[in-house]
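> Quick one, structure for this:
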Amino acid sequence: MPYTLSAPVHSELIIKKSRFIGCVQPMADRASAQAVVDALWRQHPGAAHVCWALLAGGQSAAVDDGEPGGTAGRPMLDVLRHQDLEGVLATVVRYFGGVKLGAGGLVRAYTDSVAQALLQAEKVPLQRMSRLRCSVPYALEGLLRREIDAAGAQLLDVGHAALVTLQLSLPQPQVDGFVARINDLCQGRAAWLAAD
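Here you go, the predicted structure:
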């Protein structure tokens, strides 16, 4: 089962006078990750490198930012993969201390920066969510709303026309049971529509 993180966690290492400031945090997509990296450059204008790795479905990335190819982004990404994480951004800001570390030293430094942060991070199971749309007569709106609350689902939208249409989101494993319960309670008067 894949995991994500509940909150950002930081680490800091000093290796041969170079300072490595690591961070792991939940991240939805590449655009959001790029915004975080841009903000890190503004916060650390004197940094030599801001390397990062993202695991977010089809939007994964590994960026060395000027370090020798394969010595920063890829090792950071490997740490995230080995921890079975998804929807997570790892960043490491490096202040160069004047001593070259060599390729092996860089790989260890970037790997350790991410690993140290992950040691303190709280991992939470990643829940795949499904969106559902259900139309019912007005008389059943209250019942459907109560069932949505009882299931711990999130009500996203309500539309009132000839019928009441409610759009909701709930964890994928609960979908079949929820749909069956609503169909039973509404005695066939609930219509399931394609989600927006």
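
> Pop the domain breakdown of this structure in here.
3-125, 129-193 (automatic domain parsing).

> which of the ones you listed sits most buried?
Comparing those by mean neighbour count (mean count of other CB atoms under 10 Å), domain 3-125 comes out on top with a mean of 18. Where C-beta positions appear, they are placed from N, C-alpha and C, glycine not excepted.

> The spatially most central residue of the chain and Ser60, how far apart?
The C-alpha lying nearest the average C-alpha coordinate of the chain belongs to Gly87 (CA atoms, centre = their mean; 2.6 Å). From Gly87 over to Ser60 the distance is 10 Å, taken as CB to CB, to the nearest Å.

> Can you tell me the closest non-neighbouring residue to Thr71?
Spatially, and ignoring its direct neighbours in sequence, Thr71 is nearest to Leu106 (3.9 Å; CB to CB, 6 or more residues apart in numbering).

> make that Ala72, sorry
Nearest residue to Ala72, sequence neighbours excluded (CB to CB, 6+ apart): Cys51, at 3.8 Å.

> Which strand residues bridge that neighbour?
Beta-bridge pairing for Cys51 (DSSP bridges): Val92.

> Enumerate every residue touching it.
Residues near Cys51 by CB atoms under 8 Å, 6 or more residues apart in numbering: 63-65, 67, 72-73, 76, 91-92, 94, 110.

> thinking again about what came up before, need the pLDDT of the residue nearest to the centre of the chain.
pLDDT recorded at Gly87 is 90.

> One more: Thr4?
Note on Thr4: pLDDT of 87.
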